[in-house]
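> Would you be able to build a 3D model of this:
(one chain, ligands or ions: 2)
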Amino acid sequence: MREIILVKYGEMALKGLNRSTFEDVLLRNIRYRLKKLGKFTYSKAQSTIYIVPEAENDAAAGELLAEAMPRLKKVFGIAALCRALTCEKDFADITEKAIPYLAEALNAAKTFKVEAKRADKSFPMKSPQICAELGGILLEKYPHLKVNVTEPDVTVTVEIRDENAYVHALREKGAGGLPVGTAGNAMLLLSGGIDSPVAAYMMAKRGLRVTACHFASPPYTSERARLKVEQLCEKLTPWCGSMAFYCVPFTEIQEELQRNCPEEYFTILMRRLMMEIACKLAEIEGCGAIITGESLGQVASQTLNALQCTDAVATMPVLRPLIGMDKVEIVEISRKIDTFDISVQPYEDCCTVFTPRHPKLRPRLEDVAEAQAAVDFAPMIEAAVRGAEKKVFAQHISESQSF
Ligand code: ATP
Ligand code: MG
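Ligands and ions are numbered 1, 2, ... in the order given. Below you'll find the predicted structure:
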């Protein structure tokens, strides 16, 4: 009895995208995701990826599949996935194997239906006949069941494919979205807060490969604060794939701001300088966009005027996936992706250390630019870019022993 995983990516996601690129990237991401878990063989046909565990016996194969499923549920580009039983393309073999295989699912259900998909049209039975006959046999074996074709508790699916037939009953929802890497690269401004990790998740879901940068101001900010951000990167890797991370030295710029610029403009100037540095790092990394965790009106630096002031120094599009979201909605996602508990640890951020008492709510671009021109930040920006420390977080680290 050999079980495999069927991964479905659905035709919808393929529209407008180069289909084979999409499939190749998804397959590569899946392989990478399962690399450290054990040996699998992969194949693809008809909008489905087949993942076959290579194990000595059925029990070991079952364990591999059980571990693979939750990992695959975090891979973007997968619409649905299920464990399925491989059968010969022979109706007798299908029924004989399906009856015990489906026991757990059918015993827990009150109603069911059978669906057949016949990709191999040379199979002697047509789909309605497969459904009717297998349905009848299952009703006999599981007499507590009733058929419900509109809203069944369990849908038993029989797929007749080129090589084999497959039976499955428990289809699980995938992470959706597009495979990471199909939409290009982007540079995330990653603070230690709740929002920016959620922004990373949301843009990775649209197929962007994310690289992160964090601005640290030691000794005002501690080593613990930096470690917290690194932990966030690790937490993101199951969704984003391996992730490069830059820690940018920001102390000199902040001290200079404090000495020479009006206090009410601190935050907005800091944002602009972060943006300039992030764009330079983004160019080095071949990124086509910047991502931030900003949400309109959340704080003084996130009013329309403030956003205009930061965008004015950006050299590429700034993506703000949380712009229209409430904090409650953002928190919900941060819990789902398991970054919330790390984000709420109380380590100071460079923004909080240098928060002005009365930030300008509607900073005018000319005034902000003028305030910034009081200091020649260019050499400091260059120094920060050069001094940024890069580290790569591989995605196996968080879930398996070693890389
Ligand atoms: P978050 O919860 O992501 O920290 P926030 O609500 O605290 O966001 P701000 O502190 O104003 O809001 O930051 C807005 C955005 O600016 C963040 O989402 C992040 O993208 C970026 N940012 C802020 N501080 C830093 C930092 N120290 N390093 C890198 N990016 C930062
Ligand atoms: Mg913050």
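> For Phe354, give me the pLDDT.
Per-residue confidence (pLDDT) for Phe354: 67.
> In this model Pro53 seems to touch Gly38, though I could be wrong.
Yes. With contact defined as C-beta atoms under 8 Å, Gly38 counts as touching Pro53 (6.7 Å). For the C-beta atoms, the positions are set from N, CA and C on the backbone; glycine is no exception.
> intersection of neighbour lists for the two?
Leu64 (C-beta atoms under 8 Å, 6 or more residues apart in numbering).
> Looking at those two, which is more packed in?
Taking neighbours as other C-beta atoms under 10 Å, Gly38 and Pro53 compare with Pro53 leading, 23 against 16.
> now the residue of the stretch 201-350 of the chain found nearest ligand 1: how far from Ser47?
Minimum separation of the stretch 201-350 of the chain from ligand 1 (C-beta to the nearest ligand atom) falls at Gly293, amounting to 2.5 Å. For Gly293, the distance to Ser47 equals 34 Å [C-beta to C-beta, to the nearest Å].
> So for the two, which residue has more residues nearby?
Gly293 (24 against 15).
> how about the nearest residue to Lys110, chain neighbours excluded?
Closest residue to Lys110 apart from its sequence neighbours, by C-beta to C-beta, 6 or more residues apart in numbering: Asp153 at 5.6 Å.
> my read: the one you found touches Phe112, true?
Yes. Taking contacts as C-beta under 8 Å, Asp153 lies within contact range of Phe112: 6.4 Å.
> residues in contact with the closest residue to Phe340 other than its chain neighbours?
Nearest-residue entry for Phe340: Ser334, 4.1 Å, with adjacent residues in sequence omitted and distances by C-beta to C-beta, 6+ apart. Neighbour list for Ser334: 194, 197-198, 340, 343 [criterion: C-beta under 8 Å, 6+ apart].
> The helix or strand hosting Ser334: which residues count as buried?
Element membership of Ser334 [criterion: DSSP states H and E] is helix 327-336. Neighbour-count burial for helix 327-336, counted by 16 or more other C-beta atoms under 10 Å, picks out 330-331, 333-334.
> I'd guessed Ile137 sits against Ile99; true?
Yes. Using C-beta under 8 Å, Ile137 is in contact with Ile99, at 7.3 Å.
> domain ranges for the chain?
The record's domain split for the chain, according to automatic domain parsing, is 3-173, 184-402.
> now the farthest one out in this structure, which residue is it?
Glu140 (43.7 Å; C-alpha atoms, centre = their mean).
> gap between that residue and Ile99?
Glu140 is 10 Å from Ile99, by C-beta to C-beta.
> separation between the nearest residue to Gly176 once chain neighbours are set aside and Ser20?
Excluding the flanking residues, the one nearest Gly176 by C-beta to C-beta, 6+ apart is Ala79, at 6.3 Å. Ala79 is 18 Å from Ser20, where distance means C-beta to C-beta.
> Looking at these two, which one has more neighbours?
Ala79 (18 against 10).
> Kindly state the pLDDT recorded for that one?
95.
> Next one: it from Val52, what distance?
The gap separating Ala79 from Val52 is 20 Å, by C-beta to C-beta.
> from what I can see Tyr265 touches Glu366, true?
No. Judged on C-beta under 8 Å, Tyr265 makes no contact with Glu366 at a distance of 12.0 Å.
> more neighbours, the two?
Set side by side, Tyr265 and Glu366 show more neighbours around Tyr265, with 21 against 9, by other C-beta under 10 Å.
> Test my guess that Arg226 contacts Cys247.
Yes. Arg226 lies in contact with Cys247 (C-beta under 8 Å); the separation is 6.0 Å.
> Ramachandran coordinates for the residue nearest to Lys110?
Backbone torsions for Asp153, taken as degrees, to the nearest 10, come to phi -70, psi -40.
> give me every residue that touches it.
With C-beta under 8 Å, 6+ apart, Asp153 has these contacts: 108-112.
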